[in-house]
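Enquirer: Sharing a model that was predicted from the sequence below.
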Amino acid sequence: MSASRVARSLSPFPRRPLPPSEEETSAQGLPSQRARAPLSLALTASLIALLLLLPLLYLLVRTLGIGQEAVDLLLRPRTLRILWNSLALTVAVTAVTLLLAMPLAWLTVRTDLPGRRLWSLLATLPLVIPSYVGGFALVATAGPKGMLQELLAPLGVERLPSIYGFPGALWILSLLTYPYLFLSIRSGLHSMDPALEEAARSLGHSPWQAFWRVTLPNLRPSMTAGALLVALYTLSDFGAVSLLRFNSFTRAIYVQYLSSFDRSLAAVLSLTLVALTMLLLVAERRIRGRTRYYRSSAGAVRHRRPIALGRWRWPALLFTLGLISAALLAPAGVIVYWLVRGLLAGEQLLPVWEAARNSVTAAGLAAVTVTALALPVAYFNVRFPGRLSNLVGQSVYIGYGLPGIVVALSLVFFGANFVPFLYQTLAMLLFAYAVRFLPQAMGTIRATLLHLNPRLEEAGQSLGLGPRAVFLRITLPLLRPGILSGLALVFLTTIKELPATLLLSPTGFTTLATQIWSATDEAFFARAAAPALLLLLVSALSILLIMSQEPGD
């Protein structure tokens, strides 16, 4: 969206027709005669999408053998109730995270909020907290006989409101997933053309009006990309909903897998999650629309002048501190409490250094591999719109909508029967991470790519550069914010991934996540504290590295 189009979008000001060269430009900025994608790019992106659909193929094979029993299962009142629970939780978590992430991203990017780079780092760190650790922290704090109950007992408070069920799941998942939207919106704010808001202000609009009528519409790709990740994460989460006793599809699938030798019924429930994922993809595409979000001319890079908060500085600081305290400091405090309590009681701590090395190795390889796979898919999807590219772009999200236990067990089946030489190898584990988390890297890269004018690439070609040179010398450097955000998201998510790591990792390959889960599952909370704190530390260092590469605020 160019600065000239701001005047057209801000009624009641008159609308001036644009030159034919701009009017005939498509939503992605391509000429009206759409360029054809290079064959190598189309084949690479399609092959990646097909490989990521292997778990879905497994589910289809399992379901075909059920017949009418599958329909009967779906129409049971209990199944419909679980479906409603999952949808209600997904919608609620997505709405709450948007309300939390939008003001926080704007404060840390566009204003003179004191310490905004530190706040940006701390606001991202809840991503490193596994949902089962967050659920345990909430139960240990506000559950029956929890820390809060013990503190209030001398005051005559015998029972606190229940945190189990929907309220507890909404609380934990909202606090642990809002960074997906936060990082995506930050990337969008950094990529936006500052001339857009300046043009709106020059037309007499206040800062608030310019935000609602210019900034917010231009952030739509970033918001939808982040919201989609939040919604899919909520649908596929098992740890928090299990600990907080909330009946969702993931919990039902997990119980079905463990309680029955016949896993066909669980496959039916998993296919229902695939259908919900596809509905989310369709909704995301409709909300995103076909508008373009970059400037029509190359322009010049310049730093924005931070907006002075004035008297709103203290409320902004209180909001930021309150959110980060609830999402990060409170769970970390519970972990420290159990660590100190265990040390004082003489609890034997787990050896964590080898597990830490394994976690960093697997997460680092996954971040590089998954981001490299997401790059051609995102580029093909954005720069060469069509049926094939849309199908490829949407199919990679299916794995993210599946529970980790389903993806892991499907790859166990595939590896044991078809590629036994890859079974329980690091390569198979990395493939499972790609199936689950490629949309994280693709979402941030895609949101950044939508803001890049393809005429910059056309200019490079007109100067004699080939397609590969144009991509490496022009497109790739401009995509750095989205690539770095994708690397951070994949690293932070894989380092705490549990089901795939438990079932697919090589024999003896212990990670921090598996140590935390084993100790928590056996109610040895003090033993889980040391690896949990180390997990936070490693992830904090990685986020600090990523934030140091961002454009200057």
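Expert: On my side now, so go ahead.
Enquirer: if I've got this straight, residue 508 is in a helix?
Expert: No - using DSSP: H, G, I helix; E, B strand; the rest coil, the secondary structure at residue 508 is coil, not a helix.
Enquirer: In the chain, which helix is the longest?
Expert: helix 77-110 (DSSP state H).
Enquirer: Counting by contacts, list what that helix packs against.
Expert: Applying 3 or more CB pairs under 8 Å, 6 or more residues apart in numbering; DSSP states H and E, one finds that helix 77-110 makes contact with helix 116-124, helix 166-191, helix 220-236, helix 249-259, helix 264-288, helix 313-324. For every residue, glycine as well, the C-beta is placed using N, CA and C.
Enquirer: what's the closest of those helices to residue 394?
Expert: helix 264-288 (4.8 Å; CB to CB).
Enquirer: Give the rounded mean pLDDT of the closest one.
Expert: Helix 264-288 shows a mean pLDDT of 75.
Enquirer: before we move on, what about stretch 212-230?
Expert: Mean predicted confidence for stretch 212-230 is 82.
Enquirer: Name the residues of that stretch that are buried.
Expert: 213-215, 218-230 (16 or more other CB atoms under 10 Å).
Enquirer: just stretch 68-75 next, same as before
Expert: Going by 16+ other CB under 10 Å, stretch 68-75 has these buried residues: 70, 73.
Enquirer: Tabulate the helices and strands packed on helix 77-110 in JSON lines, adding columns for distance to residue 47.
Expert: Shown next, in JSON lines, are these (distance: least, CB to CB, whole Å):
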{"stretch": "helix 116-124", "distance to residue 47": "33"}
{"stretch": "helix 166-191", "distance to residue 47": "27"}
{"stretch": "helix 220-236", "distance to residue 47": "23"}
{"stretch": "helix 249-259", "distance to residue 47": "29"}
{"stretch": "helix 264-288", "distance to residue 47": "20"}
{"stretch": "helix 313-324", "distance to residue 47": "42"}
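Enquirer: Of all those helices, which one comes closest to residue 59?
Expert: The nearest among these, by CB to CB, is helix 264-288 at 4.7 Å.
Enquirer: on contacts alone, who are the packing partners of that closest one?
Expert: Short answer (3+ CB pairs under 8 Å, 6+ apart): helix 264-288 packs on helix 54-64, helix 68-74, helix 77-110, helix 220-236, helix 249-259, helix 387-395, helix 398-401.
Enquirer: before we move on, back to that, what's the closest of the helices and strands packed on helix 77-110 to residue 471?
Expert: With CB to CB as the criterion, residue 471 lies closest to helix 166-191 of the helices and strands packed on helix 77-110, at 18.0 Å.
Enquirer: helices or strands up against that closest one?
Expert: Using 3+ CB pairs under 8 Å, 6+ apart: helix 166-191 touches helix 77-110, helix 116-124, helix 131-142, helix 220-236, helix 239-243, helix 426-450, helix 480-494.
Enquirer: thinking again about what came up before, okay, the angle between the longest helix of the chain and helix 264-288?
Expert: 40 degrees (axes from the mean of the first three to the mean of the last three CA atoms, to 10 degrees).
Enquirer: Spit out the contact partners of residue 245.
Expert: Applying CB atoms under 8 Å, 6 or more residues apart in numbering to residue 245 gives the contacts 164, 165.
Enquirer: isn't there a strand covering it?
Expert: No - assigned with three-state DSSP, residue 245 falls outside any strand and is coil.
Enquirer: Quick check on it: phi, psi?
Expert: phi 60, psi 40 (degrees, to the nearest 10).
Enquirer: any idea how far residue 138 is from it?
Expert: 12 Å (CB to CB, to the nearest Å).
Enquirer: Residue 369 too?
Expert: Relative to residue 138, and taking CB to CB, residue 369 is found at 34 Å.
Enquirer: Compare those two and say which one has the larger neighbour count.
Expert: Of the pair residue 369 and residue 138, residue 138 is the one with more neighbours under other CB atoms under 10 Å, namely 24 against 19.
Enquirer: isn't that one right up against residue 171?
Expert: Yes - applying CB atoms under 8 Å, one finds residue 138 in contact with residue 171, separated by 6.8 Å.
Enquirer: Quickly list what's touching both of the two.
Expert: With CB under 8 Å, 6+ apart, residue 138 and residue 171 have common neighbours residue 163.
Enquirer: ok, and the helix or strand in this protein with the lowest average confidence?
Expert: None of the helices or strands of the chain scores lower by mean pLDDT, DSSP states H and E than helix 3-9, at a mean of 33.
Enquirer: Could you list the low-confidence segments of the stretch 401-550 of the chain?
Expert: 401, 520-523, 525, 542-550 (pLDDT under 70).
Enquirer: ok, the buried residues of stretch 212-230 vs residue 406, which is closest?
Expert: Nearest to residue 406 among the buried residues of stretch 212-230, with distances taken as CB to CB, is residue 229, at 18.3 Å.
Enquirer: tell me the contacts of the spatially closest residue to the closest one that is not a sequence neighbour?
Expert: Among residues not flanking residue 229 along the chain, residue 180 sits closest, at 4.4 Å (CB to CB, 6 or more residues apart in numbering). Contacts for residue 180 (CB under 8 Å, 6+ apart) come out as 97, 101, 127, 226, 229, 230, 233, 440, 489.
Enquirer: would CSV of those residues with distance to residue 374 be doable?
Expert: Output for these, formatted as CSV (distance: CB to CB, whole Å):
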residue, distance to residue 374
97, 22
101, 22
127, 18
226, 15
229, 13
230, 18
233, 17
440, 8
489, 10
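Enquirer: that older thread, buried ones in the longest helix of the chain, by neighbour count?
Expert: Quick answer for helix 77-110 (16+ other CB under 10 Å): 79, 82-83, 85-87, 89-90, 92-94, 96-98, 100-102, 104-110.
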